[in-house]
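Participant: sequence first, then the predicted structure, then my questions.
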Amino acid sequence: MQQGSDIHQRIARISAHLNPPTNHLQVEGSCNIWRADCRAKGGSPGFKVAILGAAGGIGQPLAMLMKMNPLVSVLHLYDVVNSPGVTSDISHMDTGAVVRGFLGQQQLEDALTGMDLVIIPAGVPRKPGMTRDDLFNINAGIVKTLCEGIAKCCPNAIVNVISNPVNSTVPIAAEVFKKAGTFDPKRLLGVTMLDVVRANTFVAEVLGLDPREVNVPVVGGHAGVTILPLLSQVKPPCSFTQEEIEYLTSRIQNGGTEVVEAKAGAGSATLSMAYAAVKFADACLRGLRGDAGVVECAFVSSQARLLYVTELPFFASKVRLGRNGVEEIYALGPLNSHERVGLEKAKKELASSIEKGVSFVGK
Ligand SMILES: NC(=O)C1=CN([C@@H]2O[C@H](COP(=O)(O)OP(=O)(O)OC[C@H]3O[C@@H](n4cnc5c(N)ncnc54)[C@H](O)[C@@H]3O)[C@@H](O)[C@H]2O)C=CC1
Ligand SMILES: O=C([O-])CC(=O)C(=O)O
């Protein structure tokens, strides 16, 4: 009898651990302390961040790195599988953010309510031989559903879209928000930071510099020829031979495919992407905090700042991040002839990827 009641207590404890109410502190071992019973009741000041797709290849290291970010006070980890385990694991890190896990569509609204920043790496990755556009059929629906949740539960949140194809998933998100009447072009950003991270790395290798000293603007979009590194605007100022320009442009445009092929069927970039996503999310949070001079590249609506960098409704370029999200979109600046040719190719492909996303929601 005694043994039976012990088992029931253990099951109750495990179940509470896997489905914690929002005031629950997860504690290792047999002891189960509720937040209400703890002495420290105040949360640290900071931002509330949700990761949708938190149990995936990007989601897990991204969750770990966001838990280490001192600007984050609350971290919500949502996925359709395995989020309780990832949440339990990450929650043991002795950093400030309180971590809560959410599993499955029925917990999406709880995951999103009150969030300042939502990061979306949910969706399937490429296998060798696929383009990012080949992911559209699965990922378009995933992003649409998640954005419907955002429109309902945290319409003022900044949204960082990682799920591919970014050139179409960002327009999908915009259309969902427009339908819901919550679209704010300043608050929706497609994450192209990995292109910049790669460009900085590869350019630094060629120049024999520390990549942390190098800054390469990458504009356009996030797929093949739409990824347009502006090598004429590299900081610190430098010059390249024609051979170096061709090598660097091709390596930066095909960086994702390079990783997909090296992983040989086990997915695409996850660790460098988590690093890039955190670098970008941190910039968004510093902007929200009111820091001056936060400038990064991102794929944004051209309506974000009444400056049409191109005639396209979405385009990646340098943006200044602030309390409202995208505060300013920078003009492309002077391009050399190689970049002008690249820009025309990029615009052609971008136009059809954007249209594909827009008409998906219109259906
Ligand atoms: N923007 C960029 O630079 C990059 C984008 N990506 C893209 O990021 C996405 C994720 O890649 P990985 O993490 O490697 O994939 P993964 O398959 O390892 O993880 C995806 C996660 O999303 C979850 N998921 C699926 N449907 C969901 C839903 N409806 N709601 C919430 N979660 C859901 C899965 O359960 C899984 O845990 C892919 O689309 C990939 O192409 C990847 C690298 C770079
Ligand atoms: O290439 C992929 O499929 C994933 C991705 O977007 C990247 O690594 O840039």
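Facilitator: Cool, got the structure. Residues are numbered from 1 along each chain as shown. Ligands and ions are numbered 1, 2, ... in the order given.

Participant: elements contacting the longest helix seen in the chain?
Facilitator: Longest helix in the chain, counting residues (DSSP state H): helix 337-362. The contact analysis (3 or more C-beta pairs under 8 Å, 6 or more residues apart in numbering; DSSP states H and E) places helix 337-362 against helix 136-153, helix 166-180, strand 218-220, strand 227-229, helix 242-253, strand 314-322. The C-beta positions use only the backbone N, C-alpha and C, and glycine is treated the same way.

Participant: how many neighbours does S337 have?
Facilitator: By other C-beta atoms under 10 Å, the residues close to S337 number 8.

Participant: excluding chain neighbours, what is closest to the closest residue to ligand 1 within the stretch 51-200 of the chain?
Facilitator: Across the stretch 51-200 of the chain, the shortest distance to ligand 1 (C-beta to the nearest ligand atom) belongs to G56, at 2.0 Å. Spatially, and ignoring its direct neighbours in sequence, G56 is nearest to P121 (6.1 Å; C-beta to C-beta, 6 or more residues apart in numbering).

Participant: now this protein against ligand 2: closest residue?
Facilitator: For the chain, C-beta to the nearest ligand atom, closest residue to ligand 2: G256, 2.2 Å.

Participant: contact partners for the residue of the stretch 51-200 of the chain closest to ligand 1?
Facilitator: 79, 121-122, 270 (C-beta atoms under 8 Å, 6 or more residues apart in numbering).

Participant: return a ChimeraX selection command for the buried portion of these.
Facilitator: Here is the ChimeraX command that picks out the buried ones among those, judged by 16 or more other C-beta atoms under 10 Å:
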select :79,121,122,270
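
Participant: for the contacts of G56, which one is nearest L288?
Facilitator: Each of these was scored against L288 by C-beta to C-beta, and P121 proved nearest at 20.0 Å.

Participant: enumerate the residues of this structure near ligand 1.
Facilitator: 52-53, 55-59, 79-81, 121-126, 135, 139, 142, 145-146, 162-164, 166, 191, 194, 222, 267-270, 273 (C-beta under 6 Å from any ligand atom).

Participant: give the PyMOL command for selecting the buried subset of those.
Facilitator: Command for PyMOL, covering only those of the residues of the chain next to ligand 1 found buried under the criterion 16+ other C-beta under 10 Å:
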select buried, resi 52+53+55+56+57+58+59+79+121+122+123+124+125+126+135+139+142+146+162+163+164+166+191+194+222+267+268+269+270+273
